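Novice: structure, please.
(chains A, B, C and D)
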Number of protein chains: 2
Amino acid sequence: MTAQLLAISELDRVIHEPGRLMIVALLSAVKECDFLYVLHETEMNKGNLSSHLARLEEAGYVEIEKTYRGKVPQTLLRLTRAGHKAFEGYRKGLKAAF
Amino acid sequence: MTAQLLAISELDRVIHEPGRLMIVALLSAVKECDFLYVLHETEMNKGNLSSHLARLEEAGYVEIEKTYRGKVPQTLLRLTRAGHKAFEGYRKGLKAAF
DNA sequence: AATACTGGTTTGTATTGCAAACTAGATTGT
DNA sequence: ACAATCTAGTTTGCAATACAAACCAGTATT
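Specialist: Model prediction:
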């Protein structure tokens, strides 16, 4: 197995999925934002975004904080340290592959 | 939607899957090889490789030619022109995203 | 006091990805 | 010769997705 194929085979599947890749790329840039911002920026639907976030949270890559902006609920999102490392590793993997 | 997110969202899913990405990367380098070479090089199992190849063929990205090496069957694989273009486009997409 | 809107979550389904089981034919052993 | 084994794959069955439609609790509107 060549280094290229090895790098591809080792890509983190949680991050690799395009929907989640968008989320992680976005969060890695802004440090914190809310559900609706990610929703609009990625052009996903709510159900999809919700479940991808749940997956990322379960992987320990994002923190989800439910709070309020006045009376309306707001879900704040941040990449955890593990999330940042995973994304960095993912990008290194890509670079190694291509 | 930023250019980065757009690029991610437009990645070709057929090629994006790591198993198939390995196959396509390999075929793009060698022009032609057989099933067993890809099998050993990628370290997949046969069932998996077979179905990923079927998907790539159905997408028009690989040509599958069944022939014989003496008396033993041999499956030859090549990337089609469309496959080369798709892979090139995929790499451009990645470059645009990261 | 209905109706509609916000900000999400849950549910149902169709598609995948995966490996175990199978197949057809060639080879080897007895 | 004929059973057992090997080779080169394909098919099948299942578990895990990804996706959107339907739902829900609370708020604002008419």
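
Novice: for A:Leu77, see how far away the most centrally placed residue in chain A is.
Specialist: With distances taken as C-alpha atoms, centre = their mean, A:Val24 lies nearest the centre of chain A, 2.6 Å away. With distances taken as C-beta to C-beta, to the nearest Å, A:Val24 is found 10 Å from A:Leu77. Glycine gets a C-beta too; all of them are placed from N, C-alpha and C.

Novice: same thing with A:Gly70?
Specialist: A:Gly70 sits 19 Å away from A:Leu77, taking C-beta to C-beta as the criterion.

Novice: neighbour count winner among these two?
Specialist: A:Leu77 (23 against 5; other C-beta atoms under 10 Å in any protein chain shown).

Novice: so the more buried one sits in a helix?
Specialist: No. A:Leu77: not assigned to a helix; according to DSSP: H, G, I helix; E, B strand; the rest coil it is strand.

Novice: identify the residue spatially nearest to A:Glu65, adjacent ones excluded.
Specialist: A:Leu76 (4.3 Å; C-beta to C-beta, 6 or more residues apart in numbering or on different chains).

Novice: just checking, the one you found touches A:Val30?
Specialist: No. Contact criterion C-beta atoms under 8 Å: A:Leu76 and A:Val30 do not qualify, at 11.2 Å.

Novice: how far away is the residue of chain A found nearest DNA strand D from DNA strand C?
Specialist: In chain A, no residue comes nearer to DNA strand D than A:Gly47, which is 2.3 Å away by C-beta to the nearest atom of the strand. The gap separating A:Gly47 from DNA strand C is 3 Å, by C-beta to the nearest atom of the strand, to the nearest Å.

Novice: number of residues surrounding that residue?
Specialist: 8.

Novice: what number of residues are in the vicinity of A:Arg81?
Specialist: When neighbours are counted by other C-beta under 10 Å, A:Arg81 registers 10.

Novice: now do it against B:Pro18, distance only.
Specialist: If you measure A:Arg81 against B:Pro18 using C-beta to C-beta, the figure is 25 Å.

Novice: and A:Arg69, by the same measure?
Specialist: Looking at A:Arg69 against B:Pro18, where the rule is C-beta to C-beta, the gap reads 40 Å.

Novice: count residues in the vicinity of A:Ala54, would you?
Specialist: The tally of other residues near A:Ala54 (other C-beta under 10 Å) stands at 12.

Novice: check which helix or strand covers it.
Specialist: Taking DSSP states H and E as the criterion, A:Ala54 maps to helix A:46-58.
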